[in-house]
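>>> Below is the sequence, then the predicted model.
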Amino acid sequence: MIVEDYQPLAKSLTQGLREAGYIVDVTGDGEQGLGMAEASDYDAIILDLMLPNVDGFTLLTRLRQHKATPVLILTSRDSVRDRVQGLDLGADDYLVKPFDFEELLARLRAIVRRRYGGAAGVIRIADLEIDIAARNVRRGGTAIALSAREYSLLEYLALRRGQVVARSEIWEHVYDFAAELSSNVIDVYIGYLRKKIDQDYAQKLIQTRRGLGYVLGESE
């Protein structure tokens, strides 16, 4: 989620992140942003400090009372005092405007990886290799071409590798509020991934747990 009240920047951030494969919700109001953050389980929040109704520091303080969603503060406030306050209140990173978009992406990838207990930029499961920075996928050394939505789903399953991921979690993390969703869209995209990731290999990595969800990992 992006919480940024300067509309030109909010629009460019949203476009850039979506082109990079992220699912993005955006608001320019601090109070609304707090409500959205409390209602949904975002992988990360990009947070401005100078916001209407509820400022960024207050939003962060109230959010940290009951949620540990990673927060990257993105602001023009560049004093050491502001940086210290933001980090002490629970921000995971602090980036000052103007900024380089590639650096923002790198910092965002890092805090998302930390959330799921990973430090490396490459996830390996058996002979499957997912390069998060380059958004490249290989299996057995062979490159696999995925659509943006297929990649987002695979990356999320990979970050939760070995764990059962419920359908409701996939709805929240791989689709935004604006998406028009049918009841079987998750099954359809899981099917697409199976054809590309598993079909030509003896070892199947994408498993279904009936009534529970999906697991990406080596079969038992």
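Yep, that arrived.

>>> Quick check: buried residues in the longest helix anywhere in the chain?
As assigned by DSSP state H, the longest helix anywhere in the chain is helix 101-115. By neighbour count on 16 or more other Cβ atoms under 10 Å, the buried set for helix 101-115 is L104, R107, L108, R109, A110, I111, V112, R113. For glycine as for every other residue, the C-beta is placed from the backbone atoms N, C-alpha and C.

>>> next one: stretch 19-26
A20, Y22, I23, V24, D25, V26.

>>> First-to-last residue distance for that stretch?
15 Å (Cα to Cα, to the nearest Å).

>>> what does stretch 110-122 give?
Note: stretch 110-122 ends 12 Å apart using Cα to Cα.

>>> so what does the longest helix of the chain touch, helix or strand wise?
strand 71-75, strand 93-96 (3 or more Cβ pairs under 8 Å, 6 or more residues apart in numbering; DSSP states H and E).

>>> Tabulate those (JSON lines), appending mean pLDDT, mean neighbour count and distance to R62.
Formatted as JSON lines, the helices and strands packed on helix 101-115 follow (pLDDT from 0 to 100; neighbours: other Cβ atoms under 10 Å; distance: least, Cβ to Cβ, whole Å):
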{"stretch": "strand 71-75", "mean pLDDT": "97", "mean neighbour count": "23", "distance to R62": "12"}
{"stretch": "strand 93-96", "mean pLDDT": "97", "mean neighbour count": "18", "distance to R62": "18"}
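
>>> follow-up on the earlier one: distance from the chain centre to the longest helix of the chain, please.
Chain-centre distance of helix 101-115: 9 Å, with Cα atoms, centre = their mean, to the nearest Å.

>>> Stretch 49-65 now?
Using Cα atoms, centre = their mean, the offset of stretch 49-65 from its chain centre is 21 Å.

>>> if we can go back for a sec, just put the helices and strands packed on helix 101-115 in JSON lines and tack on distance to G217.
Shown next, in JSON lines, are the helices and strands packed on helix 101-115 (distance: least, Cβ to Cβ, whole Å):
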{"stretch": "strand 71-75", "distance to G217": "29"}
{"stretch": "strand 93-96", "distance to G217": "29"}
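
>>> Chain neighbours aside, what residue packs nearest to K196?
I144 (5.3 Å; Cβ to Cβ, 6 or more residues apart in numbering).

>>> mind listing what's buried in the strand or helix carrying L34?
Using DSSP states H and E, L34 sits in helix 30-39. By 16+ other Cβ under 10 Å, the buried positions in helix 30-39 come out as G30, G33, L34, M36, A37.

>>> Touching, the second one and N53? I think so.
Think G33. No. Using Cβ atoms under 8 Å, G33 is not in contact with N53; the gap is 9.2 Å.

>>> following the lowest-mean-pLDDT helix or strand in the chain, which helix or strand comes up?
Lowest on mean pLDDT, DSSP states H and E among the helices and strands of the chain sits helix 167-174, with a mean of 78. Sequence-wise, the next helix or strand downstream of helix 167-174 (DSSP H and E) is helix 185-193.

>>> tell me what that following helix is packed against?
Using 3+ Cβ pairs under 8 Å, 6+ apart, helix 185-193 sits against helix 148-159, helix 167-174, strand 206-209.

>>> Alright, calling it a day.
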